[in-house]
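Enquirer: Below: sequence and its predicted model.
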Amino acid sequence: MRLLLLSNSSAPGRGYLEHARDVIAGHLSGVGELLFVPYALADHDGYTAKVAEFMDGLGISVRGIHTADDPRAAAASAQAVFIGGGNSFRLLKSLQERGLVEAVRERVRAGVPYMGSSAGTNMACPTLRTTNDMPIVQPASFETLGLVPFQINPHYLDPSPESAHMGETREERLTQFLEENDVPVLGLREGTWLRRTDGTLTLGGIEAGARLFAPGADPVEHGPDTDLSGLLATEARFDSRRNQAAPFGS
């Protein structure tokens with residue numbers, strides 16, 4: 001598989017996706033047309049136009065899947081797929097209603113490049129359970145694409161001593177997740193991404209790194225350019241459990 005999973009699509013002082021321009025260009029090398037999935041936001045046309053403006057600079061045309069008469073057929077013939085950010089619950093519900101969870105999964109597993117940002121990165125995980133979003137709609141289940149066998153928390157935030165916020169920190173919430181689930185979670189800070197090429201998984205980014213949470217262990221810091229291929233080691237077990245229709249982590 002060829003995956004590029006971005007924590008965020010916009011960085012302070014930079015245009016849309018500009019902070020990751022070089023890695024996106026490399027990931028989509030040879031792609032003439034990108035199939036964009038805009039369902040995480042309400043304005044599908046406007047969102048697609050925003051992506052098309054960026055991709056035009058890379059010489060790539062963009063087709064919004066919402067314009068297709070048969071979205072599943074569009075996914076099945078896509079040269080590359082990009083699922084954008086927004087609300088993860090709305091996104092997953094839309095994918096489920098259009099039969100796109102399996103269609104996109106099969107196409108990506110066949111070898112076409114997949115790119116996700118924020119909610120689109122959540123979709124690459126086994127489930128939706130580590131999103132930061134509010135459940136503004138209710139999907140049929142939390143099962144997502146399962147392109148990696150671990151969970152990701154995009155936009156990961158470290159605790160700030162100056163903050164007046166008295167609720168749980170992100171680290172506390174992910175620790176609570178691990179009390180009920182046996183799958184690791186990688187907290188991707190702003191400006192970071194994961195790139196997968198078959199059995200190799202690498203952490204990249206401008207400056208910040210990522211924080212890995214695993215059952216029964218203290219969190220571990222990882223900097224840019226770290227090889228995280230070891231996180232793929234449970235993939236065979238994950239695939240087996242999914243094929244048996246058992247929730248991963250149960």
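Expert: Nice, I can see it.

Enquirer: switch to C-alpha atoms for all contacts and neighbour counts from now on
Expert: Noted.

Enquirer: Tell me where the protein has helices.
Expert: In the chain, the segments counted as helices under DSSP state H are 21-27, 44-56, 71-76, 88-97, 100-109, 119-122, 170-180, 235-243.

Enquirer: What is the burial count for A42?
Expert: 13 (other CA atoms under 10 Å).

Enquirer: Also S141?
Expert: 12.

Enquirer: for the residue most central in space within the chain, what are its contacts?
Expert: Nearest residue to the geometric centre of the chain (CA atoms, centre = their mean): T121, 0.7 Å. The neighbours of T121, taking CA atoms under 8 Å, 6 or more residues apart in numbering as the test, are 5-7, 83, 85, 115, 152, 154.

Enquirer: Try it again at 10 Å.
Expert: Applying CA atoms under 10 Å, 6 or more residues apart in numbering to T121 gives the contacts 3-8, 82-85, 88, 114-115, 131, 145, 147, 151-154, 193-194.

Enquirer: and of the helices of the chain, who's closest to I65?
Expert: helix 71-76 (5.9 Å; CA to CA).

Enquirer: ok now the closest one, how far from the chain's centre?
Expert: Centroid separation for helix 71-76 versus its chain: 20 Å, with CA atoms, centre = their mean, to the nearest Å.

Enquirer: which residues sit against it?
Expert: Under the contact criterion CA under 10 Å, 6+ apart, helix 71-76 has outside partners 35-37, 63-68, 78, 81, 95, 98-108, 110.

Enquirer: again with stretch 45-63
Expert: By CA under 10 Å, 6+ apart, stretch 45-63 touches 15-18, 21-22, 24-25, 28-41, 64-67, 74, 78, 80-82, 84-85.
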